[in-house]
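*Asks:* Turn this into a model:
(one chain, ligands or ions: 1)
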Amino acid sequence: MFGNLLSYEKDGQVIHFQFAKGSGQIEVITNTIIRVFSGDETIHSQAIEGDKRQEAVCSVSHVNGSLVVRTKSLAVYISDDFKVDFYDNQNHSLCLDYRGVRHQRTVVNTEELALMEKEGHAVNSNVGIHKFEVVKAMDGDESFYGLGDKTGFLNKRHYAYEMWNTDNPSPHVDWVKALYKSIPFFITLKKNYVYGIFFDNTYKSYFDMGKESEDYFYFASDNGNLNYYFIAGDTMTDVVSGYTYLTGHMPVPQEWTLGYHQSRWSYKSETEVRALAQKIRDEHIPCDAIHMDIDYMDSFKVFTWDKSHFNKPQNMLSDLGKEGFKVVTIIDPGVKVEKGYSVYDEGLENGYFITTPEGNIYTNTVWPGEVVYPDFGKSEVLTWWSDKQKFLTDLGVRGVWDDMNEPSSFNGDLPQNLIFTDGNQKTDHARMHNVYGQLMSKATYEGLKKYDGRRPFVITRACFAGAQKYTTAWTGDNHSIWAHLQMAIPQLCNLSLSGMSFVGTDVGGFVCDTTPELLIRWVQFGCFSPLFRNHSAMDCIRQEPWSFGEEVLGIYRKYVQLRYKLIPYYYDLFFSGEKTGLPVMRPLVLQYSQDENVKNLNDEFLVGESLLIAPIVEQGAVRKLVYLPKGTWYDYWTRDSIEGGCAFVREAPIDTCPVYVKAGSILPTWPMQDYVGQKKIDTLELDVYLGNGIYHHFQDDGESFSYRDGVYNEYLCTLANQKLTVECIHNGYFLYYEWLCIHFEGKTVTIPFNQEKIEITLS
Ligand code: MIG
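*Replies:* Numbering: from 1, shown residues only. Purely as a prediction, here's the structure:
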């Protein structure tokens, strides 16, 4: 489509190419990140903020009819038709454009499709008419990871997906092509190489990871720019860091958000919420957050409170606060059409709502009845919506849950030609659809930052690449089925590889009735997932921890308590994650990408580098085939040491979730609390697993942004030859630990600690 390559012009790190029928450019962002671009430069990125370009030496030369752009690490060949081939600096091919014939599937005729559809089948009508496609050759050893929030298994090879934020209430099974989020980023792992591609285009896009053919994979879009980033690295962690370097690192969350969250659609009255809180404390289920679903609102009107069931919300929230509960409220973007309702009136007066191409305000139906949709792409609307959060923070709300922001309606997708705004440009729904939830989350984040001041806690259902800068996410309406517990592991792992570190599923399952066994196995998984919330739909059997009697409650409590014990470990992972851009939850392949045994390992995951979790995800199973990578590991429950590099069977009766700790690990732990901050922690407690390793532990106020001004303590712990040294290497926070308590091999040693370097022999 571009024709012959005619000439080029180098402008610093941007190289412009002129082809017979068009132009394109290669931009050297860093030595290992290259942008490939052709199109309309006025379309700005919705994922990348600021200029990410680092100074890098690059050159252009002619080689066999192509031009080659070289950086310290890469050689990028540009040829006729804007073919782009990536090599490393040793001339090993990493990723080449495909030049052979396509093997497109013949499409079934439309009459037959119509009949199938009539019978109730969801038909596959993707006929592959895309504005452009980037087709890359496959060698045969590729596996693919990432792609944000997708169904199915960890490795995406042989599957095709679409990026179009979709509220799909039917079960999310592995052929479903799109869920609520669109993160057009994937990692290709080959035998000796790994790289990532981020396709920075918000329009509906398509990813075929070798499903159409074994010879190639492709990504494509209906519209927008040819605009992708090639991210090279020596390891898969380099690639993830490269991607989050571009799209942003997640700010450290408030510490309490790492606790347990209890939710239900809905807790409908003050009496019910107070009783729930009481019950949680009576049953000693540690818990930090209660979520209020749509029924707290007056007639589902966003930024209102139903006074008939919640007479004085402020008092309720303040009383709950005294018991350690933080309240998170849901908000929906759809604003009820009702004269006299201030949110509607203000939006109407100022032209804040989306319109039809004819210029009329567009309406659809959602929970409040007839609604209008804020045009978040307009900066005044974003500010207006962020200011609206004050209504919630003034009452004492501590976190905001953004729902229905695909945007969703009761009548399916909104038409693609509706008029939306992007900055100051008028544009359409087709371009802004995939970032609607992103912009809503950004507005929520900014509002909370301004009016609450602490690190904002936002949960969103829909988003685009780079959302980690503003929000956490949950995977929407899963079902209480074993298949969804099984899928939760690869789903959250791939979201994590796609930059979203603070993610979770509805524990117990949202739609349909859970079972006692499913709830237990889900909490055993959920307590290790970053966002730990039990949530269920209004027509389902209750699934609060005590819903199935004493045995279930006891096991449930054991795992919530385990999470609370490990909160400092999670916190450290988020703290170091803000610097490294690496996620908390990791598929094994991220750390052991050379190990063939983990490329398709779907039922285990790591938390950081130290913990390996092997949850039971099958009804009735009481043992599990566990694979541990090479090296020494310890069984968390028995402390037995095991040599990895093999699979073995672990007994896993209903109260047991197999957990392993890597030798040389140091896990900071907390004493049991009902909620984060209940007790003053004056002891640095370390659970040590002999071997060699280093660990960084962080301590700060757990809620403000002052860590960014250096108000934190950082401890470097080094474990070698049965010797542990603990040293405060950054001393910026005034509250210190007074004691150091070390657990190892069944022994416990407690000694006074005054922040000085301490060395202890563990014997
Ligand atoms: O149309 O607010 O995914 O978590 O409980 C359903 C009610 C709207 C969908 C969310 C779910 C929430 C529910 N919401």
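*Asks:* ok now do the nearest residue to residue 391 once chain neighbours are set aside, which residues does it touch?
*Replies:* Counting by Cβ to Cβ, 6 or more residues apart in numbering, residue 303 is the residue found nearest to residue 391 once chain neighbours are left out, at 4.6 Å. (Each C-beta comes from the backbone N, C-alpha and C, glycine too.) Residues near residue 303 by Cβ atoms under 8 Å, 6 or more residues apart in numbering: 331, 343, 388, 391-392.
*Asks:* wait, residue 675 sits on residue 325?
*Replies:* Yes: Residue 675 lies in contact with residue 325 (Cβ atoms under 8 Å); the separation is 7.1 Å.
*Asks:* of those two, who's got more company?
*Replies:* Taking neighbours as other Cβ atoms under 10 Å, residue 675 and residue 325 compare with residue 325 leading, 24 against 20.
*Asks:* what's the pLDDT at the more buried one?
*Replies:* We have a pLDDT of 98 for residue 325.
*Asks:* Run through the residues that contact the closest residue in space to residue 748 that isn't next to it in sequence.
*Replies:* Nearest non-adjacent residue to residue 748, counting by Cβ to Cβ, 6+ apart: residue 741, 6.6 Å away. Residue 741 makes contacts with 683-686, 748-750, as judged by Cβ under 8 Å, 6+ apart.
*Asks:* Per-residue pLDDT of residue 741, please?
*Replies:* According to the prediction, residue 741 has pLDDT 98.
*Asks:* Could I get the buried residue list for the helix or strand containing it?
*Replies:* Using DSSP states H and E, residue 741 falls within strand 739-744. Of all the residues in strand 739-744, those buried under the rule 16 or more other Cβ atoms under 10 Å are 740-744.
*Asks:* What strands line up against it, and which way round?
*Replies:* Sheet pairing of strand 739-744 (DSSP bridges) gives strand 683-688 (parallel), strand 747-752 (antiparallel).
*Asks:* Turn those strands into a markdown table, including distance to residue 623.
*Replies:* A markdown table is the format used below for these (distance: least, Cβ to Cβ, whole Å):
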| stretch | distance to residue 623 |
| --- | --- |
| strand 683-688 | 26 |
| strand 747-752 | 31 |
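*Asks:* just the ones you listed: most buried one?
*Replies:* Burial of the strands paired with strand 739-744 is given as mean neighbour count (mean count of other Cβ atoms under 10 Å); strand 683-688 ranks first at a mean of 22.
*Asks:* What residue in the stretch 301-450 of the chain comes nearest to the ligand?
*Replies:* residue 403 (4.9 Å; Cβ to the nearest ligand atom).
*Asks:* So what's the residue count around that residue?
*Replies:* Neighbourhood size, residue 403 [other Cβ under 10 Å]: 25.
*Asks:* Excluding chain neighbours, what is closest to residue 185?
*Replies:* Closest residue to residue 185 apart from its sequence neighbours, by Cβ to Cβ, 6+ apart: residue 198 at 4.4 Å.
*Asks:* Equivalent analysis for residue 552, please.
*Replies:* Distance criterion Cβ to Cβ, 6+ apart; nearest residue to residue 552, sequence neighbours excluded, is residue 516 at 4.8 Å.
*Asks:* Please name the residues that touch that neighbour.
*Replies:* Counting by Cβ under 8 Å, 6+ apart, residue 516 touches 548-549, 551-552.
*Asks:* Report the separation between it and residue 483.
*Replies:* Separation of residue 516 from residue 483 (Cβ to Cβ, to the nearest Å) stands at 18 Å.
*Asks:* coming back round to it: what residues are recorded as beta-bridge partners of the residue nearest to residue 185?
*Replies:* Beta-bridge pairing for residue 198 (DSSP bridges): residue 185, residue 229.
*Asks:* Would you agree it is in contact with residue 240?
*Replies:* No: counting by Cβ under 8 Å, residue 198 does not reach residue 240; the two are 11.2 Å apart.
*Asks:* any idea of the mean pLDDT for the longest helix seen in the chain?
*Replies:* Ranked by number of residues, the top helix in the chain under DSSP state H is helix 550-580. Helix 550-580 shows a mean pLDDT of 98.
*Asks:* so after it, what's the next helix or strand?
*Replies:* As assigned by DSSP H and E, the chain's next helix or strand after helix 550-580 is strand 585-586.
*Asks:* Contact residues of this protein facing the ligand?
*Replies:* Contact residues (Cβ under 6 Å from any ligand atom) of the chain with the ligand: 265, 293-294, 330, 403-404, 461, 476-477, 510, 535.
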